[in-house]
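> Following is a predicted model, sequence given first.
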Amino acid sequence: MLNIIHAIVQNYIENSKCFPIVAKDGITTDQFAIHREDVLFVKASMSVLYVKIRIPAILGSISVAKNLDYYQCKICHEIPSIPDTEQVKLTLQKLRVIIIALFLKLNKLMAEIESENSDKYNKYFLEWNKYSEETLITTSAVLIGYQQGRTETKIIDTLKGTMEYLQISTSVLDEEIWHLY
């Protein structure tokens with residue numbers, strides 16, 4: 001997973017490319033789509049009305065994805081105003097990497113469903129939902145805490161399960177982020 005973390009940092013974090021990942025949210029539209037197409041993402045979309053019958057967990061995924069996307073964009077726009085000396089900047093950058101890695105996993109699941117029998121995918125989406133919700137709660141706590149003058153320093157430790165799910169080593173993530181500063 002070193003290569004994926006390095007690729008996320010190199011392609012999105014180090015040059016502060018701010019972008020929404022979700023193109024159609026599946027809540028205000030019938031489609032849930034990621035139309036980003038680059039080195040790491042592939043275009044993928046699904047009809048929520050059609051897929052939710054076979055994969056009920058997709059409804060939770062859509063809700064969490066919309067909120068995670070909001071936070072990864074917010075973090076990206078907030079980062080330039082935070083001094084490099086503040087620990088929260090590193091924490092927020094790490095959270096953005098984790099969020100993008102979660103979206104890459106979701107993007108892969110979406111692309112696979114398009115070409116396969118999707119009945120077996122409900123458990124994969126339930127698992128994605130579990131770790132994504134955990135990340136969403138942690139991210140909102142860190143960002144809101146920072147905006148209110150509180151700093152969370154050991155918050156990444158609460159995402160051990162998510163890191164294992166994504167096969168991300170804490171030391172590799174730390175090393176990649178440290179190279180930025």
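Perfect, thanks for sending it. Residues are numbered from 1 along each chain as shown.
> What is the longest helix seen in the chain packed up against?
If you go by DSSP state H, the chain has its longest helix at helix 87-115. Helices and strands touching helix 87-115, by 3 or more C-beta pairs under 8 Å, 6 or more residues apart in numbering; DSSP states H and E, are helix 2-8, strand 31-34, strand 44-47, helix 58-78, helix 122-147, helix 160-166, helix 170-178. Where C-beta positions appear, they are placed from N, C-alpha and C, glycine not excepted.
> How much space separates residue 17 from residue 168?
From residue 17 over to residue 168 the distance is 20 Å, taken as C-beta to C-beta, to the nearest Å.
> Flag the shaky bits of the chain, pLDDT-wise.
Across the chain, residues meeting the criterion (pLDDT under 70) sit at 1-2, 114-119, 152-154.
> Find the nearest non-adjacent residue to the residue nearest the centre of it, please.
Nearest to the mean C-alpha position of the chain, counting by C-alpha atoms, centre = their mean, stands residue 99 at 2.0 Å. Nearest non-adjacent residue to residue 99, counting by C-beta to C-beta, 6 or more residues apart in numbering: residue 72, 4.4 Å away.
> Could you do residue 110 as well?
Nearest residue to residue 110 in three dimensions, chain neighbours excluded: residue 44, at 3.7 Å (C-beta to C-beta, 6+ apart).
> need the contact list for that neighbour.
Residue 44 sits next to 33, 34, 107, 110, 111, 114 when contact means C-beta atoms under 8 Å, 6 or more residues apart in numbering.
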